[in-house]
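Student: please find the sequence and the predicted model below.
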Amino acid sequence: MDETPDISDSAILADVTAFLAQGTESQKKQLCRFLRAQSSYMYSAPDAILPAKELAVKLGIIERLHKYEFEDTFWSKPSHFSYIQLASLCLMSTETLQKFLDRKATNLYRVLYPEDCLNTLIQWKHPAASVEDGRRGLPFLSSSSREEREKCFLRDQRICVLTKAANPEVCHIMPSSISESEASISAFTSSTVVSNLLGDSGDEICHVLLRGNLGSLDKSWNMICLHPLVRMWWSECLFGLKCLGIDSNGEHSTVKIQFH
């Protein structure tokens, strides 16, 4: 493949060369910081969902929980954690697992048998995870929802935050149906499994739900612009987004996210 720079590349190279020759040390350092930041989060391999060091510690705690649950009780034959139990436990923080190990029987049953709670979570899932007006059989938006949707469009500059494609759809991050009724809010905030799976984020969401009105999750901060195809993947939980930090210059903020 011919790697000879074309005219535009040559022009850019000339501009960069001139900048390096004439720019101040402060400007050069600023450019270096910018390039370093770009390469560190945009082009680096995604972090492991379960860091190796944490996983080793978690598996050790889980093994002890298994011993307490099955080996030291009335079970007459060897038993093993199911895949869903193991996945749920691995997703919890090390601190949370240690608390269950220290307290042993306190809420341990609910944590080890999360199927009922997870079925409830699935029922919360919006059919299309989209807040488009009346599309695909979804209800029309209220005036306040339209305002929040427009805020999201303006913030994300009317493009998909991942692909930069135009004509995106606005989607909820957390299912807004969680905040649609007192019963849904109560089911979420009182769920031991949910709070343990989500950790500190779950505590923050519960705080928003308990102090706010109905529909407190139908806000622009809980919305994101995605290309229709990416939106479909999002609704099927086929990928996740990890927040790497927030850069702020006082007036505006930029959220750095990583695709998983």
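Tutor: Good, I have the coordinates.

Student: give the residue spans of the stretch 1-150 of the chain that score low on pLDDT.
Tutor: 1-10, 12-13, 34-47, 49, 69-78, 104-144 (pLDDT under 70).

Student: which strand or helix spans Cys225?
Tutor: Assigned by DSSP states H and E, Cys225 belongs to strand 223-226.

Student: also Phe19?
Tutor: Assigned by DSSP H and E, Phe19 falls within helix 7-22.

Student: direction included, what does the strand holding Cys225 pair up with?
Tutor: Strands flanking strand 223-226 in the sheet, each with its direction: strand 169-172 (antiparallel) (DSSP bridges).

Student: residues of the strand it pairs with that come out buried?
Tutor: By 16 or more other C-beta atoms under 10 Å, the buried positions in strand 169-172 come out as Glu169, Val170, Cys171, His172. Heads up, the C-betas are built off the backbone N, CA and C, glycines and all.

Student: can you redo the residues you listed as a markdown table with distance to Arg149?
Tutor: As requested, the buried residues of strand 169-172 are arranged in a markdown table below (distance: C-beta to C-beta, whole Å):
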| residue | distance to Arg149 |
| --- | --- |
| Glu169 | 10 |
| Val170 | 5 |
| Cys171 | 10 |
| His172 | 10 |
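
Student: adding distance to Gly212 and pLDDT, write the residues you listed out as CSV.
Tutor: Supplementary listing: the buried residues of strand 169-172 in CSV, determined by distance: C-beta to C-beta, whole Å; pLDDT from 0 to 100:
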residue, distance to Gly212, pLDDT
Glu169, 25, 92
Val170, 20, 92
Cys171, 20, 90
His172, 15, 90
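
Student: and of those residues, the nearest to Asp156?
Tutor: Val170 (8.3 Å; C-beta to C-beta).

Student: look up how far Gln157 lies from that closest one.
Tutor: Taking C-beta to C-beta, to the nearest Å as the criterion, Val170 is separated from Gln157 by 13 Å.

Student: Gly215 belongs to a strand?
Tutor: No: remark: Gly215 does not belong to a strand; assigned using DSSP: H, G, I helix; E, B strand; the rest coil, it is coil.

Student: that one: what's it in contact with?
Tutor: Contact analysis of Gly215 by C-beta atoms under 8 Å, 6 or more residues apart in numbering lists Ser144, Ser145, Ser176, Ser179, Glu180.

Student: SS state for the second one?
Tutor: Right, the one you point to is Ser145. When states are read from three-state DSSP, the local structure at Ser145 comes out as helix.

Student: and it, how far is that from Leu210?
Tutor: Distance check for Ser145 against Leu210: by C-beta to C-beta, it reads 21 Å.

Student: who has more neighbours, these two?
Tutor: Neighbours per residue (other C-beta atoms under 10 Å) separate Ser145 from Leu210, with Ser145 holding more: 20 against 12.

Student: run a quick neighbour tally on Ser93.
Tutor: Other residues lying near Ser93 total 15 when counted by other C-beta under 10 Å.

Student: need phi/psi at it.
Tutor: Reported as degrees, to the nearest 10, the phi and psi values for Ser93 are phi -70, psi 160.

Student: again with Cys243
Tutor: Its backbone dihedrals place Cys243 at phi -80, psi 120, with angles given as degrees, to the nearest 10.

Student: surely it touches Val255?
Tutor: Yes: in terms of C-beta atoms under 8 Å, Cys243 counts as a neighbour of Val255; the distance is 6.5 Å.

Student: many thanks, we can stop here.
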